[in-house]
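>>> Sequence and predicted model, in that order:
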Amino acid sequence: MTHPHLTIIDHPLVQHKLTIMRRKETPSALFRQLLREIATMLAYEATRDLPLTTTPIETPLEEMDAPTLKGKKLALISILRAGNGMLEGVLDLIPSARVGFVGLYRDEETLQPVKYYFKVPAELGDRLSIVVDPMLATGNSAAAAISMLKEAGARNIRMLCLVAAPEGVETLREAHPDVPITTASLDRALNEKGYILPGLGDAGDRMFGTK
């Protein structure tokens, strides 16, 4: 499928680490570590075009006008609970970012998201907001979370996920065509229960060792 706002990061290290994560025998500790590492690399690509300004500094040899990020600090928005696994990796890259949380769970009958928590930074209209969630499956949770962020004032939003399904990408495109997506893989399809194929299972369960 083609999607002008979908970027797939095919860096060899990203793809190699993702393969290890897909293996069903990979233990939770390694799964969490790799998710954090890949999230850092995805965030690096997703923030490539951040606006810059200059500020005067003094090096050990001379003064100069040096590049610095322009505008208010970024907002990182984790879709609970699995989003927290990517959050730490993005914070490794952008430690000064503000952090928010959207609590959603998927109704297993309707596959629709149900909200249970929402806490985000102030002044979202002046910040770039990066939404993190490992799996973009049906896309319903991501679309709902982004709608909540827009209601809270966010205008500049990007989606960061580990693995996406074509159905989820299309759902997000229809609901929020202004939101670009960065992912490590666009997988084949969803199964009848809304899980990504071939995927890697339930990211939250694999991160935390739950079922």
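Cool, got the structure. All values derive from a computational prediction rather than experimental measurement. Numbers count the residues shown, from 1 in each chain.
>>> The longest strand anywhere in the chain pairs with which strands?
Counting residues, the longest strand found in the chain (DSSP state E) is strand 98-106. Strand 98-106 has the following sheet partners, assigned by DSSP bridges: strand 75-80 (parallel), strand 113-119 (antiparallel).
>>> show me the contacts for I77.
Residues counted as contacts of I77 (CB atoms under 8 Å, 6 or more residues apart in numbering) are 83, 99-102, 120, 129-132, 145, 149. Bear in mind the C-beta positions are built from the backbone N, C-alpha and C, glycine included.
>>> can these go into a markdown table with extra columns for distance to V90?
Formatted as a markdown table, the contacts of I77 follow (distance: CB to CB, whole Å):
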| residue | distance to V90 |
| --- | --- |
| G83 | 10 |
| V99 | 9 |
| G100 | 12 |
| F101 | 14 |
| V102 | 15 |
| V120 | 15 |
| S129 | 12 |
| I130 | 7 |
| V131 | 11 |
| V132 | 6 |
| A145 | 16 |
| L149 | 16 |
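>>> Show me which of these are buried.
83, 99-102, 120, 129-132, 145, 149 (16 or more other CB atoms under 10 Å).
>>> most remote residue from this structure's center?
L61 (40.2 Å; CA atoms, centre = their mean).
>>> To R206, which of the strands paired with strand 98-106 lies closest?
strand 75-80 (15.7 Å; CB to CB).
>>> elements contacting the next helix-or-strand element following that closest one?
Counting by DSSP states H and E, the next helix or strand C-terminal to strand 75-80 is helix 83-93. Judged by 3 or more CB pairs under 8 Å, 6 or more residues apart in numbering; DSSP states H and E, helix 83-93 is in contact with helix 28-46, strand 75-80, strand 98-106, strand 128-132.
>>> mind redoing it with 6 Å?
Secondary-structure packing of helix 83-93 (3 or more CB pairs under 6 Å, 6 or more residues apart in numbering; DSSP states H and E): helix 28-46, strand 75-80, strand 128-132.
>>> where's it relative to the chain centroid, distance-wise?
Mean-position distance between helix 83-93 and its chain equals 9 Å (CA atoms, centre = their mean, to the nearest Å).
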